[in-house]
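Engineer: next input, structure requested:
(chains A and B)
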There are 2 protein chains.
Amino acid sequence: MAFSGYGAGPGGAPQQDPLFGYFSAIAGQDGHISADELQRCLTQAGITGSYQPFNLETCRLMINMLDRDMSCTMGFQEFKELWQVLNGWRGTFVSYDRDGSGTIEGQELEHAITSMGYHLSPQAKNCIMKRYSTNGRIRFDDFVSCCVRLRALTDQFRRRDTTQTGNASFHYDDFIQVTMSI
Amino acid sequence: MAFSGYGAGPGGAPQQDPLFGYFSAIAGQDGHISADELQRCLTQAGITGSYQPFNLETCRLMINMLDRDMSCTMGFQEFKELWQVLNGWRGTFVSYDRDGSGTIEGQELEHAITSMGYHLSPQAKNCIMKRYSTNGRIRFDDFVSCCVRLRALTDQFRRRDTTQTGNASFHYDDFIQVTMSI
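Structural biologist: Residues are numbered from 1 along each chain as shown, chains lettered A, B, ... in the order given. Below you'll find the model as predicted:
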């Protein structure tokens, strides 16, 4: 146990962050977690609350969204960043899930997408809604999958939209890398 | 039971196709199946053999790949088309899964992608391999997810590559529709 009186000096900050406890217990020596470890970490840290834990596929997407070094694993800084983003998405979801059923309606997903600042046509929002709903309703896990992919794909598109006009050109190989990795 | 002596006349053919039995028992009156019904249908028809049944997410992707009328359901013709495609993918997978473990290696996935005719850089194949592997190995279910998405994304890209030079332009809204629906 490090002496806590030194404050948040170099190497001191992580120990004081309650999230670091969940993270380091699972990450162990290498300081990185894989998708299945992220799944355990998020469950133990209680991010899903009374909702079902994230499935492994969603955890893989989360790692890929922030995986700048293409290691397929996540360090503590990325985990903290993810935690913040997830909290925002949970807040949005909870605000629509008024009866606490763990699901929201398709139309509410469309509203949520707009409220997050995405400018999409009704047709695009409908596509997304159909893709992520089960019998017309969207579970929290699917909502997060949707948010992860929408954010990552928009980021990748924006980087290639050099004129900032909402248009971008892709070479086939690049297109496949962008779309198949998330 | 329809009289079989009339041969493959109008309305006669489907009854003679053994696949139609599995399909119609689950589709019922409306003649269409949703993702969870497809899951049952494929399991009962035995496409996965000794491999684990497809998960619901993979079944959703399969429906979307062939969903020309955007109904999120699948008719018998689309089911037959899917069956043929799946048989091809299973053959490819089995040829690499020599020990019958139900998984193949990452490098074998890369070979399989090349053998299916996709011209992708080592980097792109590596991206795909990382995305679909668990501890370095790819399960049949993930292999099929990968094949479904690669096929559908390539089809969509090709339609926009009007000069057939391997380059295509997307508007943001269209890009999101294409990439978020599969």
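Engineer: downstream of the longest strand seen in chain A, the next helix or strand is which one?
Structural biologist: Scanning chain A for the strand with the most residues, using DSSP state E, yields strand A:167-171. Going down the chain from strand A:167-171, the next helix or strand is helix A:172-180, by DSSP states H and E.
Engineer: between that next one and strand B:167-171, how many degrees?
Structural biologist: Counting by axes from the mean of the first three to the mean of the last three C-alpha atoms, to 10 degrees, helix A:172-180 points 40 degrees away from the direction of strand B:167-171.
Engineer: dump helix A:172-180 to PDB, restricted to CA.
Structural biologist: C-alpha atoms of helix A:172-180 as PDB (Å, rounded to 0.1, in the frame of the first residue of the first chain):
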ATOM      1  CA  TYR A 172     -11.700  -0.100 -50.900                       C
ATOM      2  CA  ASP A 173      -9.000  -1.400 -48.600                       C
ATOM      3  CA  ASP A 174      -9.300   1.500 -46.200                       C
ATOM      4  CA  PHE A 175     -13.100   1.200 -46.300                       C
ATOM      5  CA  ILE A 176     -12.800  -2.400 -45.200                       C
ATOM      6  CA  GLN A 177     -10.300  -1.600 -42.500                       C
ATOM      7  CA  VAL A 178     -12.600   1.100 -41.000                       C
ATOM      8  CA  THR A 179     -15.800  -0.800 -41.200                       C
ATOM      9  CA  MET A 180     -14.700  -4.300 -40.400                       C
END
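Engineer: circling back to that earlier point, pairing partners for the longest strand of chain A, with directions?
Structural biologist: strand B:167-171 (antiparallel) (DSSP bridges).
Engineer: what does the partner strand contact?
Structural biologist: A:157, A:166-172, A:175, B:157, B:160-162, B:178 (C-beta atoms under 8 Å, 6 or more residues apart in numbering or on different chains). Placement of C-beta: from N, CA and C, glycine included.
Engineer: buried residues in the longest strand of chain A?
Structural biologist: For strand A:167-171, burial by neighbour count (16 or more other C-beta atoms under 10 Å in any protein chain shown) applies to A:Asn167, A:Ala168, A:Phe170.
Engineer: same question, stretch A:126-138
Structural biologist: A:Asn126, A:Cys127, A:Ile128, A:Met129, A:Lys130, A:Arg131, A:Tyr132, A:Ser133, A:Arg137, A:Ile138.
Engineer: equivalent analysis for stretch A:135-148, please.
Structural biologist: Result for stretch A:135-148 [16+ other C-beta under 10 Å]: buried residues A:Arg137, A:Ile138, A:Arg139, A:Phe140, A:Asp141, A:Asp142, A:Phe143, A:Val144, A:Ser145, A:Cys146, A:Cys147, A:Val148.
Engineer: the second one belongs to a helix, doesn't it?
Structural biologist: No. Looking at A:Ile138 with DSSP: H, G, I helix; E, B strand; the rest coil, it is strand, so not inside a helix.
Engineer: what bridges to it?
Structural biologist: Residues in a beta bridge with A:Ile138, per DSSP bridges, are A:Ile104.
Engineer: is it correct that it is in contact with A:Thr103?
Structural biologist: Yes. With contacts counted by C-beta atoms under 8 Å, A:Ile138 reaches A:Thr103, the gap being 6.1 Å.
Engineer: any idea which element the closest residue to A:Asn55 other than its chain neighbours lies in?
Structural biologist: Nearest residue to A:Asn55 in three dimensions, chain neighbours excluded: A:Asp141, at 5.8 Å (C-beta to C-beta, 6 or more residues apart in numbering or on different chains). Assigned by DSSP H and E, A:Asp141 belongs to helix A:140-160.
Engineer: before we move on, back to that, want to throw the contacts of strand B:167-171 into JSON lines with pLDDT and distance to B:Asp30?
Structural biologist: Formatted as JSON lines, the contacts of strand B:167-171 follow (pLDDT from 0 to 100; distance: C-beta to C-beta, whole Å):
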{"residue": "A:Phe157", "pLDDT": "97", "distance to B:Asp30": "38"}
{"residue": "A:Gly166", "pLDDT": "97", "distance to B:Asp30": "39"}
{"residue": "A:Asn167", "pLDDT": "97", "distance to B:Asp30": "41"}
{"residue": "A:Ala168", "pLDDT": "97", "distance to B:Asp30": "40"}
{"residue": "A:Ser169", "pLDDT": "97", "distance to B:Asp30": "42"}
{"residue": "A:Phe170", "pLDDT": "97", "distance to B:Asp30": "39"}
{"residue": "A:His171", "pLDDT": "97", "distance to B:Asp30": "43"}
{"residue": "A:Tyr172", "pLDDT": "98", "distance to B:Asp30": "38"}
{"residue": "A:Phe175", "pLDDT": "97", "distance to B:Asp30": "36"}
{"residue": "B:Phe157", "pLDDT": "97", "distance to B:Asp30": "33"}
{"residue": "B:Arg160", "pLDDT": "96", "distance to B:Asp30": "33"}
{"residue": "B:Asp161", "pLDDT": "97", "distance to B:Asp30": "37"}
{"residue": "B:Thr162", "pLDDT": "95", "distance to B:Asp30": "38"}
{"residue": "B:Val178", "pLDDT": "94", "distance to B:Asp30": "28"}
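Engineer: farthest-separated two in the residues you listed?
Structural biologist: A:Gly166 and A:Tyr172 (21.1 Å; C-beta to C-beta).
Engineer: who has more neighbours, those two?
Structural biologist: Neighbour count, other C-beta atoms under 10 Å in any protein chain shown: between A:Gly166 and A:Tyr172, A:Tyr172 has more, with 21 against 15.
Engineer: residues touching the more buried one, list them.
Structural biologist: Going by C-beta under 8 Å, 6+ apart, the list of residues near A:Tyr172 reads B:Thr154, B:Phe157, B:Asp161, B:Gly166, B:Asn167, B:Ala168.
Engineer: thanks a lot, see you next time.
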